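# Following is a predicted model, sequence given first.
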Amino acid sequence: MTAFSPSRLARRGSGSRLPDRLFRGSSRVLAWALVVSLIGLGAMLLVNGWGAFATFGPAFVIGTDWDPVKNIYGALPFIVGTLLSSAIALVIAAPIGLLTAIFLAELAPRRVAIPLTFTIELLAAIPSVVFGLWGVFVLSPFLQSTIEAWAVDTLGWIPIFAGPPFGVGLFAAGVILSIMILPTIVSIAREVIGSIPNSQREAMYALGATRWEVVTRAVLPAARSGIAGAIILGFGRALGETMAVTMVIGNAQSIPQSLFDQAQTIASQIATTFNEAQVGIQTSSLIALGLVLLVITLGLNVGARVLVGRTVTGAGGR
Amino acid sequence: MTTPMAASTEAATRARLTGRRTASRRAVTDRLMRTLALVATLLCVLPLGAVLIFVTINGIGALNIDLLTKAPRALGNGGGALNAIAGTLQMVPLAALIAVPVGVAGGVYVSEFAGARAGRVVRFAADVLVGVPSILIGLFVFTFLVLPFKQFNAFAGSVSLALIMVPVILRTTEEMLGLVPRSLREGALALGIPVWRTVLSVVIPTGLGGILTGVMLAVARAMGETAPLLFTALGSRLVNVGDFGRPMDALPLFIYMNARQPYEAQNQQAWGAAFLLMLIVLIINVAVRARTWGRQIGG
């Protein structure tokens, strides 16, 4: 923060002339327009979604029936679907992503790490709807005939592995989400690990540690909060992901009874039903769903950024 | 019962005395975990390969001149994706037209004019907006650009896409301008050049490469977005040229709608459109990133 502060220079220099004032003023207006639209977004969801909260009270969040015919709206199935699909994604993506970040930042030679990092970042560029298409026609049938069929046959007596294996459903959504959040987790965790000062590693090597011991005892403890931040950011991304999930989760309106059951997330419920919704309590309920999603994702995002910021700036400052 | 326990204690004692057993176990753990990390990395790359291969194989099979030049027909028998291609080629440029000035000006404000606190607020808002699920951006724009006019329209679609692009462009601009050396600004100001000229002809041109990178990445991202268009541009089976007051299709919408149809021919068209979309998005990404990466490796 000792950096150059151009504002002072600008003001003392020729900053008071009219064109300069206009230039500065318009750039300020456009910058604040972004802040205003963010606030507007939150306010819009609150105002338009308020009807649902006012009508149903807490039952909106804990109710299990979403019934446009009777005009009863309880969002629990979608909240559960959102949290479960993202949790499955996290269980798959967090260990793989962390190990990959370790490999890229600590173990791989630069020559290998650079193209691999590039490739994994490309994964983030593929549009969600393309993942969805691939998920419907390739991944879901594949999961259905392999992992799901096997799990239902051998572990089917455990309720969460009960069949039938639809292919399209909660598990497929979790798997596709895990693929989509891997680049987020890998790139942030890699950056966090890279910001740990070398002196930490050198001290461990001097004690005769192996490379893996250096990673687990010197690097990871120092990078702990940043890695947690990376994983939470991945989780936040999974919660808000719409298209791919909408296409592979099965769009069922009830709480999933097993890992392979069909379900619905908040985002997919909005995506599939908003355009046909009756204006009034039904649209208001869908917008209130959006508000619930906004609150969850924003909370996670802000928290995660604080964690990542702490590691990266803390290590750099030392 | 006692024998194996005794044996293991003995082994542990020997290991402690000689240090050899533990050393080798540590080496094995080291080797094992490093291999595991390599396997995890390959697992990360695998889905990219799988998506690329399947979309390419199925997409090339569905690609033909009709897909590029004809409007859709009922049940996907013949016809093509011209409505979607034309829509993407209109809505994305309009979105960029809105987002580039706003994003660059916002970035200039944060980097050149804002005080520490204002800068932090704008930067924070941009970061938060990037994390907002894109479907909510669609809902937001729906309430003020669709609902009052009782008409889904392409302009609302462009505004939604612009809202997705602005924070990306703002953050890259701000970061890139932060790298421009202070002496350049001081030099220009010392020559008596007004601040606005200094920014426009010295500061921005110096950071232009980086800003363009941000713009292109934002364009690529907007091209692939479906969710914000669902409640705004809606999609259309007609080829809409130039009428932003009416619904318009886009490649991602076309893929989504056609993937949901029960007809094989329409699913095929979805693959064809997905191949087109992926090709454009990946070309932009590779071209833009390869430049920055090349510079990193070189430097």
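Thanks, I have the structure now. Numbers count the residues shown, from 1 in each chain, chains lettered A, B, ... in the order given.

# Would you point out which residue is most central in chain A?
A:R237 (1.4 Å; Cα atoms, centre = their mean).

# Wait, that one touches A:L182, no?
No: taking contacts as Cβ atoms under 8 Å, A:R237 lies outside contact range of A:L182: 10.3 Å. Placement of C-beta: from N, CA and C, glycine included.

# Tell me the confidence at whichever residue of the stretch 51-200 of chain B sits closest to chain A?
Taking Cβ to the nearest Cβ as the measure, the point where the stretch 51-200 of chain B comes nearest chain A is B:P133, at 2.9 Å. Looking at B:P133, its pLDDT reads 96.

# So for it, what's the nearest residue that isn't a sequence neighbour?
A:G240 (2.9 Å; Cβ to Cβ, 6 or more residues apart in numbering or on different chains).

# How about A:I96?
B:A40 (4.6 Å).

# which element is that neighbour on?
Assigning secondary structure by DSSP states H and E places B:A40 in helix B:20-62.

# And the next helix or strand past that helix?
Criterion used, DSSP H and E; the element after helix B:20-62 is helix B:65-69.

# Show me what that next one is packed up against.
helix B:82-108, helix B:264-298 (3 or more Cβ pairs under 8 Å, 6 or more residues apart in numbering or on different chains; DSSP states H and E).

# Centre of the chain to that helix, how far?
27 Å (Cα atoms, centre = their mean, to the nearest Å).

# got the CA positions of that helix in CSV?
The C-alpha coordinates for helix B:65-69 follow below in CSV (Å, rounded to 0.1, in the frame of the first residue of the first chain):
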residue,chain,number,x,y,z
ILE,B,65,-23.3,-26.5,-44.7
ASP,B,66,-27.0,-26.5,-43.7
LEU,B,67,-26.1,-26.1,-40.0
LEU,B,68,-24.3,-22.9,-40.8
THR,B,69,-26.6,-21.4,-43.4
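
# could you give the mean pLDDT of that helix?
Rounded mean pLDDT across helix B:65-69 is 91.

# by contact count, what packs against the helix or strand where the residue nearest to the centre of chain A lies?
Using DSSP H and E, A:R237 sits in helix A:220-240. In terms of contacts (3+ Cβ pairs under 8 Å, 6+ apart), helix A:220-240 is packed against helix A:76-102, helix A:170-194, helix A:266-273, helix A:281-317, helix B:116-131, helix B:134-141.

# Buried ones in stretch A:150-164, by neighbour count?
For stretch A:150-164, burial by neighbour count (16 or more other Cβ atoms under 10 Å in any protein chain shown) applies to A:151-152, A:156, A:161-162.

# Neighbours of residue 64, how many?
Since you didn't name a chain, this refers to chain A. 14 (other Cβ atoms under 10 Å in any protein chain shown).

# Actually, chain B is the one I wanted.
13.

# Could you do A:V35 as well?
Count around A:V35 with other Cβ under 10 Å applied: 18.

# Identify the residue spatially nearest to it, adjacent ones excluded.
Excluding the flanking residues, the one nearest A:V35 by Cβ to Cβ, 6+ apart is B:A125, at 4.3 Å.

# about what we covered before: quick check, nearest of the buried residues of stretch A:150-164 to chain B?
A:A151 (19.4 Å).

# in which helix or strand would I find the closest one?
helix A:149-155.

# and the residue of the stretch 151-299 of chain B nearest chain A?
B:G224 (2.7 Å).

# For that residue, give me its contacts.
Residues counted as contacts of B:G224 (Cβ atoms under 8 Å, 6 or more residues apart in numbering or on different chains) are A:125-130, B:252, B:277, B:281.

# And for the closest residue to A:F274 other than its chain neighbours, the neighbour number?
Spatial nearest neighbour of A:F274, excluding adjacent residues (Cβ to Cβ, 6+ apart): A:L286 at 5.3 Å. By other Cβ under 10 Å, the residues close to A:L286 number 24.

# what's the answer for B:D249, then?
Neighbourhood size, B:D249 [other Cβ under 10 Å]: 30.

# Return the distance of the residue most central in space within chain B relative to B:V215.
Nearest to the geometric centre of chain B sits B:R221, at 3.4 Å (Cα atoms, centre = their mean). Going from B:R221 to B:V215 by Cβ to Cβ, to the nearest Å gives 11 Å.

# Equivalent analysis for A:G250, please.
A:G250 is 38 Å from B:V215, by Cβ to Cβ.

# cool, A:S128 as well?
In terms of Cβ to Cβ, A:S128 sits 21 Å off from B:V215.

# Thanks again, I'm all set now.
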